[in-house]
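Undergrad: requesting a structural model of the entry that follows:
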Amino acid sequence: MDQPLIDVSNVSKTYSRGKMDVPVLQELNIQIEEGDFIALMGPSGSGKTTLLNLIGGLDKPSAGSVTIGGQRIDQLSQGELAKWRSKNVGFVFQFYNLLPVLTALKNVELPLLLTGFSRSERKKRALAALAVVGLADRAGHRPRELSGGQEQRVAIARALVSDPSLLVCDEPTGDLDRATADEILDLLQVLNREYGKTILMVTHDPKAADHASHCVYLDKGQLIQESPK
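TA: The predicted model follows:
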């Protein structure tokens, strides 16, 4: 039997605040298959973003293991983890995190600065990523010259530019109106179905979750329900 792309096993995460330990995740187990599109839901403080950060290699568990593509990423050093992220994960956030002084093209190129690609190859790949999200004609525009939906498309292009197998999205439509949010969610579906990207999306929005293949529910740091659609 094939191994899942993502295997989170007996993971706990506790943060220290002053002299107090705050448990966020408690012996959580979840497996995600390659090519899946998961909506991760639950009340505020349930541990959704913490789990997303562990799977994306932005943080490490206090206990348990996180295995992605057969590799224990919780055992990597910070330097190894940075290299792993740059090759394997694309991040999409609620507020885009674009640099206002750079054009869309240059924003998308940023992750490639960590690679050995030439300037011309970086530009070629960034233009291709912008074309995938329908913004090839906006390559020379800066963020202030774009709508919110276009900014998020640029952010998605930036997440795609290194051709990662996994996209982790934290409330990617939380700052958008309904119509624009649906356009972004439709784009994520295309990336999942036509480009084979595995997507893990934190959301509070049931309509956003409807675009996923199934939903996982967290409450108080524990998986309480997994519901196929």
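Undergrad: got the contact list for stretch 154-161?
TA: Stretch 154-161 is contacted from outside by 90-93, 96-98, 104, 107-112, 125-126, 129-130, 132-133, 135, 138, 143, 146, 167, 172, 184, 187-188, 191, 197, using Cβ atoms under 8 Å, 6 or more residues apart in numbering. For every residue, glycine as well, the C-beta is placed using N, CA and C.
Undergrad: kindly report the same for stretch 206-220.
TA: 26, 28, 30, 36-43, 46-48, 51, 173, 178, 181-182, 185-186, 188-189, 192, 199, 201, 203, 223-229.
Undergrad: give me the buried entries from those.
TA: 26, 28, 30, 36-42, 46-48, 51, 173, 181-182, 185, 188, 192, 199, 201, 203, 223 (16 or more other Cβ atoms under 10 Å).
Undergrad: now, those residues that are in helices?
TA: Residues of these located in helices (DSSP state H): 48, 51, 181, 182, 185, 188, 192.
Undergrad: export those residues to CSV and tack on distance to residue 82 and pLDDT?
TA: Shown next, in CSV, are these (distance: Cβ to Cβ, whole Å; pLDDT from 0 to 100):
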residue, distance to residue 82, pLDDT
48, 23, 90
51, 20, 93
181, 31, 89
182, 34, 91
185, 30, 93
188, 25, 93
192, 26, 94
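Undergrad: which residues of this protein fall in strands?
TA: Remark: strands assigned in the chain by DSSP state E are 6-17, 20-32, 37-41, 63-68, 71-72, 89-93, 166-170, 198-202, 214-219, 222-228.
Undergrad: who wins for proximity to residue 57 among the ones you listed?
TA: Taking Cβ to Cβ, strand 89-93 is the member of the strands of the chain nearest to residue 57, at 6.3 Å.
Undergrad: who does the spatially most central residue of the chain bridge with?
TA: Central residue of the chain (Cα atoms, centre = their mean): residue 168, 1.3 Å from the mean position. Taking DSSP bridges as the rule, residue 168 bridges to residue 91, residue 200.
Undergrad: any weak-confidence spans in this protein?
TA: 1, 225-229 (pLDDT under 70).
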